[in-house]
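Peer 1: fold the following for me, if possible:
(one chain, ligands or ions: 2)
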Amino acid sequence: MKIALAGNPNSGKTTLYNALTGSNEHVANWSGVTVDKREATLKERLAKDVTVVDLPGAYSIRPYTSEESITRDFVKEEGPDVIINVVDATNLNRSLFFTTQLLELGIPLVVALNKSDLAATKTEIDIEKLEEELKCPIVEIVALKGKGLDVLIENAKKVSEENTQENAFTSLATFTTIDKQDLERYRIVNDIAEKVETKKEMAKTSALQETIDHYVTNPFIGILLFVGIMALAFQLSINTVGLFIADSLVAFIEGIQGSIADSLAGAGTNEFLSALLTDGIIGGFAAVIGFLPLIMVLMFILSLVEDSGFLARIAMIFDPLFKKIGLSGKSIIPMIVGYGCAIPGVMSTRTIKNEKQRRMTTLLTPFVPCGAKAPIIALFVGAFFNESALVFGITYLVAFLLIILVGLLIKAITGADDVKNYFIVELPEYRLPSVKRSFLKMMDTGKEFAIRAGTIIVLANTVVFLMGSFDFNLRLVGDSVDNSILAAVASPFALLLIPLGIGVWQLAAAAVTGFIAKEEVVGTLAVVYAMSSAINVEEFELTNGFILRETMGITAVAALAFMFFNLFTPPCFAAIGAMKAELKSRKWLVNGIILQFGVGYLVAMVVYQIGTIITYGELGEGFVASLVILAATIVYFSFLIKTSKEKKTLTYSNKVAFEK
Ligand SMILES: Nc1nc2c(ncn2[C@@H]2O[C@H](COP(=O)(O)OP(=O)(O)OP(=O)(O)O)[C@@H](O)[C@H]2O)c(=O)[nH]1
Ligand SMILES: [Mg+2]
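Peer 2: Residues are numbered from 1 along each chain as shown. Ligands and ions are numbered 1, 2, ... in the order given. Sure thing, here's the model as predicted:
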């Protein structure tokens, strides 16, 4: 037997799916989380040989977005034996529109009235009456707590065996146009909802929520809170809890590293080989994995914040700005997802139906610093700044501001569409975040991070170590690393980075390898400076990471520039692959990558040059070159914007001529 879970976005389908099958698919407090279908076997305890399919949320059987069509295609073409229509009981009226459409398919259907825990405080739904109206069984459940699942599955089995699903809404078929049919459907659904539902007076909690929202959605307070929370998250992850765990972890790995080095030396192993193993492979791995506890604690806190509904408020604050750049509030969701990893973030742009908005969002999402970029931020703010927590919070804010500015730029270049943005961000309710779910998410991110550190990163570190150990004649370079292949390959890139204050081949090599995976920036630094110990968490407690500062020989302002360069140039190759899949246009992909490069480079350059003048009262390196680059960029973009305007007027006059 195959059961399909269908219903409106955010109704709790995936929560139910996880509860029914024991899976751990991503659930979040907003619409459009699931963008593809998923299948798993029902827990044996409930019934044997049953497959459950989780589908993306849909408002209507006639799809508006590509993931909604996944839902339609599945229920129409693959014909599940039963549909469980997950209905958010706090939103009955809106949900029934889709329910009536599902009933028309004639597939056995059970309505799972979900979130009945929340609904209890707000409305009262007469279940029997509703069953009569819809002519299908209705089961109250709380997916979150796994309540009512037995009854739900029992009913699903029963309707599937009877297989006599009636369509209670045959009258609708007589309407000739879709629009008229939809209007009539709204009317019918409204009637039903009125008959079966008694709304309670606004509960105290809702009133409190409104008061809170009044303050939190004030841009000034909201953004301040956001920076504060990020700073606190940093403080907790790097200075207390995360540091404590990281300390033991790194000490453990270094212990292993030491004893391997000793035994290799004892066995008289080739010096180069033992260095490759201990400094290159284990050292680089340790440098990256040392950040694991930090990332995990950070993800745990962010996941709590996300679950509480607060992140959606931050999105709200940016909504008017987003509308100004021709995006809608919907574009915010991919960006919130993107703080974990840009790949699912970019993938969730699928929920945006307007093509231009979808493409813009795809290009803007990677500007959000993902989890893999967090070690870079932590390393540099930790080593170079006294107020590291604050700088950490501000970095995320800079990312958001950059998104707005780059959005404006894209809009200016591609020309504004005349799309009206009716979309309103649905503000999920505040609630106590689930520690368990945040914990699971943290473990998930941690696992991913550890796997990457153990595979891609180890591989990349090995290559970097080898390139750094040999010259082109394949002779060991020993201490004169400047003669190595790595130095030779990275030096041309370093030239380009001079106006950014980071024209050092080691840093260039780190930035380039960052495209394999952003953690590798840290990994490469550890290998090229043979300083896994400088990245060792203990050093964060030292006077501002003096060692790191001295080894790199760059100023704090240049460190900031290096960090921004790595954060805001294009994401890793895997994320670029995701961008390619969602953009579905070579032109957008190529120009998009050029744009991301330009932006990351310019931001870093401007920060370095202006920062150097302000902080040290002198001109930065490559000052003249930077002026030339800036001027050239301005000319280039003005040209792009101008030609786009001309093209627009051209098409317009063509059209007028045609109409004449
Ligand atoms: N209070 C309460 N919250 C629930 C319940 N079931 C789900 N939720 C919450 O509702 C939100 C949405 O849950 P999801 O399972 O992601 O919803 P979905 O229907 O899969 O959403 P899309 O994938 O976007 O279509 C999450 O914050 C859940 O924790 C429930 O029974 N009670
Ligand atoms: Mg889902």
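Peer 1: helices of the stretch 301-450 of the chain, start to end?
Peer 2: For the stretch 301-450 of the chain, the helices defined by DSSP state H, counting those that start in this stretch cover 310-324, 332-338, 342-347, 355-364, 374-384, 388-414, 435-452.
Peer 1: what kind of secondary structure is Ala453 in?
Peer 2: Under DSSP: H, G, I helix; E, B strand; the rest coil, the three-state class of Ala453 is helix.
Peer 1: so who does it touch?
Peer 2: Residues near Ala453 by CB atoms under 8 Å, 6 or more residues apart in numbering: 285, 288-289, 292, 519. Where C-beta positions appear, they are placed from N, C-alpha and C, glycine not excepted.
Peer 1: go on, Val142?
Peer 2: Val142 neighbours (CB under 8 Å, 6+ apart): 114-117, 148.
Peer 1: what's the angle from the strand or helix carrying Ala265 to helix 374-384?
Peer 2: Assigned by DSSP states H and E, Ala265 belongs to helix 241-266. Comparing the axes of helix 241-266 and helix 374-384 via axes from the mean of the first three to the mean of the last three CA atoms, to 10 degrees yields an angle of 90 degrees.
Peer 1: what residue ranges in the stretch 251-400 of the chain score low on pLDDT?
Peer 2: 315, 329 (pLDDT under 70).
Peer 1: residue of it closest to ligand 1, please.
Peer 2: Proximity of the stretch 251-400 of the chain to ligand 1 (CB to the nearest ligand atom) peaks at Asp307, 6.6 Å away.
Peer 1: that residue is in contact with Val435, isn't it?
Peer 2: No. Taking CB atoms under 8 Å as the definition, Asp307 is not a contact partner of Val435, at 9.3 Å.
Peer 1: looking at the two, which is more packed in?
Peer 2: Of the pair Asp307 and Val435, Asp307 is the one with more neighbours under other CB atoms under 10 Å, namely 21 against 12.
Peer 1: and the residue nearest to the more buried one when sequence neighbours are not counted, what is it in contact with?
Peer 2: Using CB to CB, 6 or more residues apart in numbering and skipping the chain neighbours, the partner closest in space to Asp307 is Pro433 (3.8 Å). Pro433 sits next to 303-308 when contact means CB under 8 Å, 6+ apart.
Peer 1: returning to that earlier point: could I get the contacts of Ala453 as TSV with secondary structure?
Peer 2: Listed next are these as TSV, based on three-state DSSP:
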residue	secondary structure
Phe285	helix
Val288	helix
Ile289	helix
Leu292	helix
Glu519	coil
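Peer 1: reformat those residues as TSV; add neighbour count.
Peer 2: Below are those laid out as TSV (neighbours: other CB atoms under 10 Å):
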residue	neighbour count
Phe285	21
Val288	30
Ile289	24
Leu292	22
Glu519	29
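Peer 1: would JSON lines of these with distance to ligand 1 be doable?
Peer 2: Compiled in JSON lines, the contacts of Ala453 are given as follows (distance: CB to the nearest ligand atom, whole Å):
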{"residue": "Phe285", "distance to ligand 1": "35"}
{"residue": "Val288", "distance to ligand 1": "31"}
{"residue": "Ile289", "distance to ligand 1": "31"}
{"residue": "Leu292", "distance to ligand 1": "27"}
{"residue": "Glu519", "distance to ligand 1": "28"}
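Peer 1: residue of this structure closest to ligand 1, please.
Peer 2: Taking CB to the nearest ligand atom, ligand 1 has its nearest neighbour within the chain at Gly57, 2.5 Å off.
Peer 1: Glu39 belongs to a strand, doesn't it?
Peer 2: Yes. Counting by three-state DSSP, Glu39 falls inside a strand.
Peer 1: who does it form a beta bridge with?
Peer 2: Glu39 has these beta-bridge partners by DSSP bridges: Val53.
Peer 1: from Val52, how far out is it?
Peer 2: Between Glu39 and Val52 the distance is 7 Å, computed by CB to CB, to the nearest Å.
Peer 1: for the chain, what are the low-confidence residue spans?
Peer 2: 28-33, 63-67, 176, 201-206, 315, 329, 416-428, 530-549, 647-660.
Peer 1: strand partners (parallel or antiparallel) of the host helix or strand of Glu124?
Peer 2: Glu124 belongs to strand 123-125 when assigned by DSSP H and E. The pairing partners recorded for strand 123-125 under DSSP bridges are strand 197-199 (antiparallel).
Peer 1: now the residue nearest the centre of the chain. Nearest residue, chain neighbours left out?
Peer 2: When CA atoms, centre = their mean is applied to the chain, the residue found nearest the centroid is Gly338 (1.7 Å). Nearest residue to Gly338 in three dimensions, chain neighbours excluded: Gly345, at 2.9 Å (CB to CB, 6+ apart).
Peer 1: need the contact list for that neighbour.
Peer 2: By CB under 8 Å, 6+ apart, the contact set of Gly345 is 334-339, 365-366, 368, 370.
Peer 1: between the residues you listed, which is nearest Gly617?
Peer 2: Nearest to Gly617 among the contacts of Gly345 is Val368, at 34.2 Å by CB to CB.
Peer 1: measure Pro375 to Val305 for me?
Peer 2: Distance from Pro375 to Val305, by CB to CB: 20 Å.
Peer 1: equivalent analysis for Asp182, please.
Peer 2: 38 Å.
Peer 1: those two: which has the busier surroundings?
Peer 2: Ranked by neighbour count (other CB under 10 Å), Asp182 and Val305 place Val305 first, with 19 against 16.
Peer 1: so Ala112 is in which element?
Peer 2: Element membership for Ala112 (DSSP H and E) is strand 109-114.
Peer 1: please see if that strand touches ligand 2.
Peer 2: No. No part of strand 109-114 sits near ligand 2 under the criterion CB under 5 Å from the ion; the closest distance found is 11.9 Å.
Peer 1: does ligand 1 have contacts with that strand?
Peer 2: Yes. Strand 109-114 reaches ligand 1 (CB under 6 Å from any ligand atom) through Asn114.
Peer 1: sheet partners, orientation included, of that strand?
Peer 2: Paired strands of strand 109-114, with direction, are strand 82-88 (parallel), strand 138-140 (parallel) (DSSP bridges).
Peer 1: which residues touch the longest one?
Peer 2: In this structure, residues lying in contact with strand 82-88 by CB under 8 Å, 6+ apart are 1-8, 10-13, 16, 75, 95-96, 98-99, 102, 105, 107-115, 143, 152, 156-157, 159-160.
Peer 1: can I get that strand in CSV, CA atoms only?
Peer 2: The C-alpha trace of strand 82-88 is given here as CSV (Å, rounded to 0.1, in the frame of the first residue of the first chain):
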residue,chain,number,x,y,z
VAL,A,82,-4.6,6.5,-0.1
ILE,A,83,-4.1,10.2,0.3
ILE,A,84,-3.6,11.6,3.8
ASN,A,85,-4.5,15.2,3.4
VAL,A,86,-2.7,17.0,6.2
VAL,A,87,-4.7,20.0,7.2
ASP,A,88,-3.5,22.7,9.6
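Peer 1: tell me which helix or strand comes right after that strand.
Peer 2: Once strand 82-88 ends, the next helix or strand along the chain (criterion: DSSP H and E) is helix 92-103.
Peer 1: what packs against that following helix?
Peer 2: Judged by 3 or more CB pairs under 8 Å, 6 or more residues apart in numbering; DSSP states H and E, the packing partners of helix 92-103 are strand 2-7, strand 82-88, strand 109-114, helix 127-134, helix 178-196.
Peer 1: apply 7 Å and report the result again.
Peer 2: On a contact count with 3 or more CB pairs under 7 Å, 6 or more residues apart in numbering; DSSP states H and E, helix 92-103 meets strand 2-7, strand 82-88, strand 109-114, helix 178-196.
Peer 1: can I get those in TSV including distance to Leu46?
Peer 2: Listed next are the helices and strands packed on helix 92-103 as TSV, based on distance: least, CB to CB, whole Å:
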stretch	distance to Leu46
strand 2-7	11
strand 82-88	12
strand 109-114	13
helix 178-196	28
